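Student: Coordinates only, no sequence provided:
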DNA sequence: CATGAATGAGCATTCATTCAT
DNA sequence: CATGAATGAATGCTCATTCAT
């Protein structure tokens, strides 16, 4: 009887533990999206849950740690998408387009959920989304491999990765601000720019 | 004699006022660079000077206002450089390369002065440098003109501007972190990517 | 046993919360009395307790809110006294005398507790005591009713209420400054003046 | 020639000195009326003039000192009015009515000039007007004399003075808040209350 | 583990006052 | 005397973090 009780207890505890962690993560994602990483406070995050303030510290030691957890989370969700893109891609060009599209689609989805319009951001500040961080290493790895395979000219992979990140971030922002964000167009633009420069970048309709 | 005295007096007063303003601006630039715009506090800025806290408010009304002053400052210094680049450029390609180079050179100079290693940055947050903001509109305008002139294909200028900004920011960062930042190489990479994609991007040596 | 423990725990927690709130209220009363409402700062109030500065904001959102809490408190304590005065009063005259006496007695008690001599007040400024505010509406209501009943001539009730308030405040002050404050005498004076003017105001002994 | 110059200089200086002092006093009166004594800052006062901040301290050492100067000013203007009232008054009753009327008229004039509506005052705080302070001693003296002469019953003069002050202040406020302040009615009410209590206080029309 | 009150450092901003010019 | 920049104490308030329950 005691065992049963204990099992139930631990079962319940386990469930609540996972649920609490999830609640914090969800609230954090929302808060980061709304306020940006810097402006977001731990208080903002816990206010977004039904938990007590102290409880936060049972799960994370700081805002930074939540961010990393979110990034890991994003990586876990992104990895299969990107892997599939890589496996199904007819070419590196194709892969890049799919990768950009995956990211742009992601931020669109994220934003559609939140509904918030993103514009009232603090001036001159941009936060990496956790997903951006997550997708970074994947893409970087693919770049390295492509270079090693000779699919890409032997260029500066660090610069290229940085350029892709920067482009994704900024182009993504511009896309989001538009009335009807067009994920495919943005991805075509970004991958086109990387692969062919302006020469091959698709014209605006 | 009185006149001379007065001139000297007012001259000296003027000088200290200008000097204080300059001290605040310099401290602000350093602080923004070290902590980022959001994380920087007005107190951080005045702590970077020898002035008293209240003195800040004799010169600026807020952090935002210092930032704008810095951006204006940057714009003033950048404008001739970019104008010269535009006037002397043999082609749009040349102009772009020069513009990127100007920006990269700028952040190198800035950083050489400060000496600080840039790494202890707040995680996952990037602030526009005031200079970035300053250079933005200039470049954007050139893009529009180039498109209007037919020097560029009729592509999405908003996307292109965003892409350039993002690339400059991120590639600049990577460059700065290197032992011996190579401005020309970074500029060649960035403008090459924009203009020719990977096809024409210069190989790593 | 667990229940008992919990009760004690929550009991104690509850007690400290109530005690803290009470400590803040008491400190606030003292500070308002010493410095006046305007000159009093939130920091003055918390300095009057053993609590940390931030703790204030766990209980009240502002100085104004503490004042209101004090006024509510005063109202709660005054209401029965004034009600009793009204019920037991042989006449409106009697009621008025009792009401003034209640107020004067109150400020005497208050001041005896605090001990502070009241004189170092900021110059030319008077704050309503929270109790004054509390007693105001009660008296005002009684005045209206008395006028409606015909117990009072049909005079300007706003003026009369204002006059009573002003008199109570100022006469109360004078009384407090005296070596041996005589509540009954002050009340007799005040109610006598209202009801009979100087004609019927009791002579000084 | 030198003499002339000096005379002119000192004449001009004199004029400016007086003018500056007057400018500060006027600004102070306005500011005290708008914000109340406590809330008013020296900065508010000098902002109300065209003088530099430091100049304030060539004329007054503190906010308190300006207030006192205003009170003296008021006293100087009130003295003849009250003296005339005393001399021409047919009775003590008459004098009282005239004194109240003088005060009420004064605050109406003051307020008409400023135009500001007085209501947005800080909660629960009232400042003595400098004029109130000025008129206090005059009235107090008259009360003492009247008692000495036997025109008044031998009552508590301190209480009576306090009561008059309090009434004047509060009734004055109520009067000011009305759409069309009726000085005579307010004065009749106040003096009637003092002299005859409610029995002889004039009915509302 | 959850709770949420307590803590005190920190921040933006205002202010009275001084003093070199 | 007039000026107005400099000063730094003070204020209202928020926040990350701790810890007794």
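Tutor: Yep, it's here. If you're wondering where the values come from, they're calculated on a predicted model, not measured in any experiment.

Student: which residues of chain A score low on pLDDT?
Tutor: Scanning chain A for pLDDT under 70 picks out A:1-15, A:111-125, A:127, A:134, A:198-205.

Student: Quick check, the residue in it closest to DNA strand E?
Tutor: residue A:54 (1.6 Å; CB to the nearest atom of the strand). For the C-beta atoms, the positions are set from N, CA and C on the backbone; glycine is no exception.

Student: Give me the nearest residue to residue A:98, chain neighbours excluded.
Tutor: residue A:85 (3.7 Å; CB to CB, 6 or more residues apart in numbering or on different chains).

Student: Got the phi and psi for the closest residue to residue A:43 other than its chain neighbours?
Tutor: With sequence-adjacent residues excluded and distances taken as CB to CB, 6+ apart, residue A:43 is closest to residue A:53, at 7.0 Å. Backbone dihedrals for residue A:53, given as degrees, to the nearest 10, come out at phi -60, psi -40.

Student: so who does residue A:53 touch?
Tutor: Each residue near residue A:53 by CB atoms under 8 Å, 6 or more residues apart in numbering or on different chains is listed here: A:42-43, A:46.

Student: In chain A, mark out all the strands, start to finish.
Tutor: A:125-127 (DSSP state E).

Student: center of it, which residue is that?
Tutor: In chain A, the residue lying closest to the centroid (CA atoms, centre = their mean) is residue A:131, at 1.4 Å.

Student: Let me see the contact set for that one.
Tutor: Contacts were defined as CB under 8 Å, 6+ apart; by that measure residue A:131 touches A:71, A:74, A:78, A:103, A:106-107, A:110.

Student: From those, pick the one nearest residue B:19.
Tutor: residue A:71 (44.9 Å; CB to CB).

Student: ok, how many other residues are close to the closest one?
Tutor: Residue A:71: 22 surrounding residues under other CB atoms under 10 Å in any protein chain shown.

Student: Quick check: can you list the domain ranges of chain A?
Tutor: The record's domain parsing of chain A by automatic domain parsing lists A:1-61, A:67-205.

Student: Pick the most deeply packed of the ones you listed.
Tutor: Ranked by mean neighbour count, the domains of chain A are led by domain A:67-205 with a mean of 18 (mean count of other CB atoms under 10 Å in any protein chain shown).

Student: ok, that one near DNA strand F or not?
Tutor: No. Residues of domain A:67-205 contacting DNA strand F under CB under 7 Å from any atom of the strand: none, with a closest distance of 12.2 Å.

Student: gap between that domain and the chain center?
Tutor: On the basis of CA atoms, centre = their mean, to the nearest Å, domain A:67-205 sits 9 Å off its chain's mean C-alpha point.

Student: And stretch A:64-79, by the same measure?
Tutor: That offset, for stretch A:64-79, works out to 8 Å (CA atoms, centre = their mean).

Student: what about that stretch and DNA strand E, any contact?
Tutor: No. Contact of stretch A:64-79 with DNA strand E (CB under 7 Å from any atom of the strand) is absent, the minimum separation being 14.5 Å.

Student: contacts for that stretch?
Tutor: For stretch A:64-79, with CB under 8 Å, 6+ apart as the criterion, the contacting residues are A:24-25, A:28-29, A:32, A:37, A:45, A:60, A:102, A:106, A:129-131, A:133-135, A:137-138, B:123-124.

Student: Show me those residues that map onto helices.
Tutor: Counting by DSSP state H, the contacts of stretch A:64-79 place A:24-25, A:28-29, A:32, A:45, A:102, A:106, A:130-131, A:133-135, A:137-138 in helices.

Student: I'd like to know which of the residues you listed is nearest to DNA strand F.
Tutor: Lowest distance from DNA strand F to the ones in helices among the contacts of stretch A:64-79 (CB to the nearest atom of the strand) belongs to residue A:45, with 8.0 Å.

Student: doesn't residue A:63 make contact with the closest one?
Tutor: Yes. Residue A:45 is within contact range of residue A:63, at 7.4 Å (criterion: CB atoms under 8 Å).

Student: Find the residues that touch each one of the two.
Tutor: residue A:28.

Student: what's the spacing between residue A:167 and chain B?
Tutor: 5 Å (CB to the nearest CB, to the nearest Å).

Student: Out of the domains of chain A, which gets nearest to residue D:170?
Tutor: Nearest of the domains of chain A (CB to CB): domain A:1-61, 45.1 Å.

Student: Wondering if the closest one reaches DNA strand F at all.
Tutor: Yes. Judged by CB under 7 Å from any atom of the strand, domain A:1-61 and DNA strand F are in contact via A:41-44, A:53-54, A:56-57, A:61.

Student: biggest separation within these, which pair?
Tutor: Farthest apart among the residues of domain A:1-61 next to DNA strand F by CB to CB are A:44 and A:61. That separation is 17.0 Å.

Student: was I right about residue A:98 contacting residue A:89?
Tutor: Yes. Contact criterion CB under 8 Å: residue A:98 and residue A:89 qualify, at 6.1 Å.

Student: Overlap in contacts, these two.
Tutor: Common neighbours of residue A:98 and residue A:89 (CB under 8 Å, 6+ apart) do not exist.

Student: If we ignore the residues flanking it in sequence, what's nearest residue A:159?
Tutor: In space, and not counting its chain neighbours, residue A:159 is closest to residue B:189: 4.8 Å by CB to CB, 6+ apart.

Student: Would you mind listing what in chain A touches DNA strand E?
Tutor: So chain A meets DNA strand E at A:13, A:16-17, A:20, A:50-55, A:58-59 (CB under 7 Å from any atom of the strand).

Student: One more pass at 6 Å, please.
Tutor: For chain A, the residues in contact with DNA strand E (CB under 6 Å from any atom of the strand) are A:16-17, A:20, A:51-55, A:58.

Student: ok, back up a step: mind checking how far the residue of chain A closest to DNA strand E is from residue A:89?
Tutor: Using CB to CB, to the nearest Å, one gets 48 Å for the distance from residue A:54 to residue A:89.

Student: now swap in residue A:28 and tell me
Tutor: Residue A:28 is 33 Å from residue A:89, by CB to CB.

Student: Likewise for residue A:153?
Tutor: For residue A:153, the distance to residue A:89 - CB to CB - is 18 Å.

Student: Same check on residue A:57?
Tutor: According to CB to CB, residue A:57 stands 44 Å off from residue A:89.

Student: likewise residue A:48?
Tutor: Applying CB to CB to residue A:48 and residue A:89 gives a distance of 38 Å.

Student: With residue A:95 instead?
Tutor: Noted for residue A:95: a distance of 4 Å to residue A:89, by CB to CB.

Student: same deal with residue A:156?
Tutor: 23 Å.

Student: State the phi and psi torsions of residue A:179.
Tutor: The phi/psi pair for residue A:179 (degrees, to the nearest 10) is phi -60, psi -50.

Student: thought residue A:139 was touching residue A:164?
Tutor: Yes. Assessed by CB under 8 Å, residue A:139 is found in contact with residue A:164 at 6.2 Å.

Student: Any idea which of the domains of chain A gets closest to residue D:148?
Tutor: That would be domain A:1-61 among the domains of chain A, by CB to CB, at 69.2 Å.

Student: so how far is that closest one off the chain centroid?
Tutor: 20 Å.

Student: ok now do residue A:143, which residues does it touch?
Tutor: Applying CB under 8 Å, 6+ apart to residue A:143 gives the contacts A:152, A:157, A:160-161, A:164.
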